[in-house]
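Novice: here is my input, please return the structure:
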Amino acid sequence: MKKNKFSPLLVLLSALLIIGGCSKDTTNSNPNSSESGQQTEITNPIKKSYYIFDTIVQVKVYDSRITDQHFNEIEELLQTIDAEMSRTNSKSELHKVNDNAGIKPVQVSEQTFNVIQKAYDYSKLTEGRFNLAIGPLVSLWNIGNEDAHVPDQSEITKLIPLSQYDQIELNPDTREVYLKQKGMIIDLGGIAKGYSADVIAKYLTDNGFNSAIIDLGGNVLALGQKPGGRSWTIGIQDPDLSRGNPIGNLKVENKTIVTSGIYERFFEQDGKYYHHILDSETGYPVDNNLSSVTILTEKSIDADALSTSLFSMGLEKGLEFAEQLDHIEALFITKDKKVYITSGMDEVLEMTNDSYTLMK
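Specialist: Next comes the predicted model:
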């Protein structure tokens, strides 16, 4: 018997209910603020929701000067990224790269090349624990969709050689990407959401908006400070409960918090759960004692890649790896409800759930 956590149809219907939804608290708005050019902080955010990258994206801005035009321009930025970097969009640049695997190099836009380069660099840095070439195995398992299933071992074995990042050639001078073997597939799903959050943050700051929350599911970017000069309070999801139930809170300013966990996308078959974080060496979901890994840093693209990488490394190696990185803090939750953190995380973490034990 097989059971999926999510129904794509239900997700889509839910998303359609809020797509394009822009709400504003006019009580605290200053109708002349856009003319004066002065930031006018408001208690309740002006927000807009989008559905893109198979994810609900919510942007909350605490500034009365923001307009529908600004939100429309953010949507255009997201649509451009999706159109360039989607693995499943047959018209995207990335799809063209994958279609020409084993045939010829493909030139892509500067934006797409930079994200692919970043993903390649993290693949190399983590020795494949983050792997941009994981696409063949992702497509095979199809976790998060209705037809997700445990593949035959023969299928997995066949695709492991096609899921190796060192079989990708990048030419920065021409912005060309070449996959050496036919059947290879680049998948930017582990980094594109983080990049998108950074793009939105840059757009907002470039336009003078310095107090906002950008939320792409497990990716949160807290821009500036809350109104009144206070730090943001961002909860860390309890892996055993529904979204919105934290094990603790982080007090942050101008930081991004990204979590990868076994509870995000998974299915059940024959009494066993299979999550979406795949190991390109075995071809199966990563099997360790971790429930989730949360990264705290400045750029969401880095946090996105590292949350997957450190989860795949496991607790001991992941903690050691994170401690060697500048401006990176990490929090690991194990299946037996223990919490392990890097040295700097203690300064901003407040535990709020007695079911979890912070290990010193």
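Novice: hmm, M345 is touching L296, no?
Specialist: Yes: counting by Cβ atoms under 8 Å, L296 is a contact partner of M345 at 6.6 Å. Bear in mind the C-beta positions are built from the backbone N, C-alpha and C, glycine included.
Novice: anything in contact with each of these two?
Specialist: Contact with both M345 and L296 is made by residues E329, A330, L331, according to Cβ atoms under 8 Å, 6 or more residues apart in numbering.
Novice: which element is the second one on?
Specialist: A330 belongs to strand 329-334 when elements are defined using DSSP states H and E.
Novice: that older thread, nearest to G183 among the shared contacts of M345 and L296?
Specialist: Nearest to G183 among the shared contacts of M345 and L296 is A330, at 34.3 Å by Cβ to Cβ.
Novice: beta partners for the residue lying closest to P45 once chain neighbours are set aside?
Specialist: Nearest non-adjacent residue to P45, counting by Cβ to Cβ, 6 or more residues apart in numbering: K60, 3.7 Å away. Assessed by DSSP bridges, K60 has beta-bridge partners K47, I213.
Novice: so that it lines up with my notes, have the first residue be 57 from now on.
Specialist: All right, first residue 57 from here; so that's K116.
Novice: what sits against K116?
Specialist: P101, I102, K103, A268, I269, I270, D271.
Novice: return the residues in contact with the fourth one.
Specialist: This points to A268. P101, V115, K116, V117, Y118, D119, A257, L260, L279, G280.
Novice: who wins for most neighbours among those residues?
Specialist: Scoring the contacts of A268 on neighbours with other Cβ atoms under 10 Å, the highest-scoring entry is V115 at 30 neighbours.
Novice: next one: the residue nearest to P101 from D360, what distance?
Specialist: In this view, K116 and D360 are 20 Å apart by Cβ to Cβ, to the nearest Å.
Novice: for K307, same thing?
Specialist: 22 Å.
Novice: out of the contacts of K116, the closest to D110 would be?
Specialist: D271 (15.0 Å).
Novice: return the distance of the closest one relative to K282.
Specialist: In terms of Cβ to Cβ, D271 sits 15 Å off from K282.
Novice: over to L297?
Specialist: Distance from L297 to K282, by Cβ to Cβ: 25 Å.
Novice: show me which of these two is the more surrounded one.
Specialist: Ranked by neighbour count (other Cβ under 10 Å), L297 and K282 place K282 first, with 17 against 13.
Novice: beta partners for that one?
Specialist: With DSSP bridges as the rule, K282 is bridged to R286.
Novice: residues in contact with it?
Specialist: Y118, S267, W288 are the contacts of K282 under Cβ under 8 Å, 6+ apart.
Novice: in strands, which of these fall?
Specialist: Under the assignment DSSP state E, those contribute S267, W288 to strands.
Novice: quick check: I333 vs S411, distance?
Specialist: Taking Cβ to Cβ, one finds I333 at 23 Å from S411.
Novice: again, but for V115
Specialist: Taking Cβ to Cβ, one finds V115 at 32 Å from S411.
Novice: tell me, how many residues neighbour E129?
Specialist: 12.
Novice: secondary structure class for D271?
Specialist: strand (DSSP: H, G, I helix; E, B strand; the rest coil).
Novice: show the pLDDT at it.
Specialist: At D271, the model reports a pLDDT of 97.
Novice: likewise for D203?
Specialist: Taking D203 on its own, its pLDDT is 86.
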